[in-house]
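Trainee: Dropping the sequence and predicted coords here.
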Protein chains: 2
Amino acid sequence: MTPRRTAEPEPALIWERPEPPARRTPHPLSRALIVGAALELADADGLDGVSIRRVAAALEVGPMRLYGYVDTKSELLDLMADAVYAEIVPPAGRPPQDWRAGLRLIAALTRRAALRHEWFPELLGGRPHLGPHALAALEAKLAALHRVPGLAGRPAELRRAAAAFQSYLVGSLRTELSERQADRAEGRSEEQWRDANSPYLRRVLAAGRHPLLAELVVEGEHPTPGEEFEAGLEVVLDGIAALVC
Amino acid sequence: MTPRRTAEPEPALIWERPEPPARRTPHPLSRALIVGAALELADADGLDGVSIRRVAAALEVGPMRLYGYVDTKSELLDLMADAVYAEIVPPAGRPPQDWRAGLRLIAALTRRAALRHEWFPELLGGRPHLGPHALAALEAKLAALHRVPGLAGRPAELRRAAAAFQSYLVGSLRTELSERQADRAEGRSEEQWRDANSPYLRRVLAAGRHPLLAELVVEGEHPTPGEEFEAGLEVVLDGIAALVC
DNA sequence: TATCGGTCGATACACTGTATCGACCGCCGC
DNA sequence: GCGGCGGTCGATACAGTGTATCGACCGATA
């Protein structure tokens, strides 16, 4: 179908496709404007709040207008993700000498971005993002890993460390943020969630088939999500340290 | 709204709500039948292939019929996730003595389930799953962590180890499976994907702003996803080991 | 056997992403 | 200055989605 296979000059990826030239109309448009409106909607209502129709309405424009700047909704999501990656690229200048501090910085930047844009972790962990800011963030991550003593020259070990580090970020942020998001959607805090499910959990645990889980729920102080994130991160950093010694 | 606040006897969670009694009709129904049909659809077409209408059609039943067994579509997804957790619970009997082997077993079972049901990682990492099999799998994970020498009595450290381990599983499986799924959706293998994006990546890397990334893409043999998963896991296990010594 | 209560599913509603295509408007050549 | 044309815009349409509503039917009880 669509047999015209003769020379497709339009680049397939949005990162290489130029956007249409600006044009004087009552409601001028650009990818930047579109992405800005979409970010606002997503920050307010989550990813479900982003629909072509709603973004267009926010820009006082017909829905079909957007398809001149973006081929598909998922391209719009790619642009949104790349905009968040821009917040993750560490500031240029002297990076921390201590490699652990360097990786902690990247982790903190990533978590900060995820807290600002709770929908971001949902987009993470899919097929790799190839936008300019995503690539810059990736390069920065690799640079931080290069400063681990003994890791610079060994691509296999570096790959393992990168996989573990990145997977931990994706997994823990996705977990933390989707909980927070669900809580807010139902208009209750984490306290209230535990209260809501508490009766059920208490009944289940009272049955005695989950002694270790019961112990963990009851015992000890429950750390804040931030502390939990950092604590798990230290485990991963220790693992990376063990990789080379 | 809906002012009848007087005594809501129906349990809120599906895990405690009994399903309606079986009934002799031309097309008898049950949660098990519904979940079975939904699993089949999801395995074949991904999570997008699961719609109330399609599940009902597979059972030769009107769509609204399902709402007698399930309050909402997300409850159906919860049931589907719990069915997969059943495949993750390690077989009863003597667990491996070596704690690393115990954690590797759980990781392997989780990955096996994710490969069988590529949509499963998408459901992971949301608000914690509380179904019976999910809780059993969680208990097994805690049991494996309890066999780490020196971790048994320390809930704080155990929590950190659990967070790192679980987050790694979620992150790496989500990444791996969503790539594989996207590849298959477009009918091409991983080889072909790299070829499709290769021109773009080559152009970007040729610009020289991402030397470390370029080095990593070019250099070294690319491990299979399974090897990469296990390699990253070892980093996490090393980190857990470092937690107690 | 007559009635009642519960179950089923047809219909409806408010959405979604996007293909199609007619109409309009601004710019260019004359 | 004006005619025509090409590109842009957006109204409309289509095939879906989850789920609320409600009329009709059917089986079991009195």
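Mentor: The structure has been received and is ready for your questions.
Trainee: can I see the domain layout of chain A?
Mentor: According to automatic domain parsing, chain A comprises the domains A:31-71, A:87-244.
Trainee: got the residues of chain A near DNA strand D?
Mentor: By CB under 7 Å from any atom of the strand, the residues of chain A that approach DNA strand D are A:20, A:23, A:25, A:27, A:29, A:61-65, A:68. C-beta coordinates here come from the backbone N, C-alpha and C atoms, glycine included.
Trainee: Kindly reformat those as JSON lines containing pLDDT.
Mentor: Converted to JSON lines, those look like this (pLDDT from 0 to 100):
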{"residue": "A:20", "pLDDT": "85"}
{"residue": "A:23", "pLDDT": "74"}
{"residue": "A:25", "pLDDT": "73"}
{"residue": "A:27", "pLDDT": "78"}
{"residue": "A:29", "pLDDT": "89"}
{"residue": "A:61", "pLDDT": "92"}
{"residue": "A:62", "pLDDT": "90"}
{"residue": "A:63", "pLDDT": "92"}
{"residue": "A:64", "pLDDT": "93"}
{"residue": "A:65", "pLDDT": "93"}
{"residue": "A:68", "pLDDT": "92"}
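Trainee: which parts of chain A sit against DNA strand C?
Mentor: With the criterion set to CB under 7 Å from any atom of the strand, chain A comes near DNA strand C through A:24, A:50-54, A:63-64, A:67, A:72-74.
Trainee: Buried ones only from these, please, as a ChimeraX command.
Mentor: To isolate the buried members of the residues of chain A next to DNA strand C in ChimeraX, using 16 or more other CB atoms under 10 Å in any protein chain shown:
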select /A:50,52
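Trainee: residues in contact with residue A:29?
Mentor: For residue A:29, the contacting residues are A:59, A:61, A:65-66, A:68-69, by CB atoms under 8 Å, 6 or more residues apart in numbering or on different chains.
Trainee: List phi and psi for it.
Mentor: Backbone geometry at residue A:29, expressed as degrees, to the nearest 10, gives phi -130, psi 160.
Trainee: do residue A:120 as well
Mentor: phi -60, psi -50.
Trainee: Kindly provide the distance from it to residue B:16.
Mentor: 34 Å (CB to CB, to the nearest Å).
Trainee: for residue A:156, same thing?
Mentor: Per CB to CB, residue A:156 is found 49 Å from residue B:16.
Trainee: again with residue A:153
Mentor: Counting by CB to CB, the gap from residue A:153 to residue B:16 is 57 Å.
Trainee: Just to check, residue A:104 is in contact with residue A:229?
Mentor: No - in this structure residue A:104 lies outside contact range of residue A:229 using CB atoms under 8 Å: 10.6 Å.
Trainee: Looking at those two, which one has more neighbours?
Mentor: A direct count of neighbours by other CB atoms under 10 Å in any protein chain shown for residue A:104 and residue A:229 places residue A:229 higher, at 23 against 17.
Trainee: What about the nearest residue to the more buried one once chain neighbours are set aside, how many residues nearby?
Mentor: Residue nearest to residue A:229 in three dimensions, not counting chain neighbours: residue A:172, with 5.6 Å by CB to CB, 6 or more residues apart in numbering or on different chains. As a burial measure, residue A:172 scores 29 neighbours (other CB under 10 Å).
Trainee: Residue A:82 is in contact with residue A:131, correct?
Mentor: Yes - using CB under 8 Å, residue A:131 is in contact with residue A:82, at 3.2 Å.
Trainee: count of residues packed around residue A:62?
Mentor: Neighbour count of residue A:62, defined by other CB under 10 Å: 11.
Trainee: for residue A:243, helix, strand, or coil?
Mentor: helix (DSSP: H, G, I helix; E, B strand; the rest coil).
Trainee: now swap in residue A:208 and tell me
Mentor: With three-state DSSP as the criterion, residue A:208 reads coil.
Trainee: what sits against it?
Mentor: Shown in contact with residue A:208 (CB under 8 Å, 6+ apart): residue A:214.
Trainee: mind redoing it with 7 Å?
Mentor: If you count contacts by CB atoms under 7 Å, 6 or more residues apart in numbering or on different chains, residue A:208 has none.
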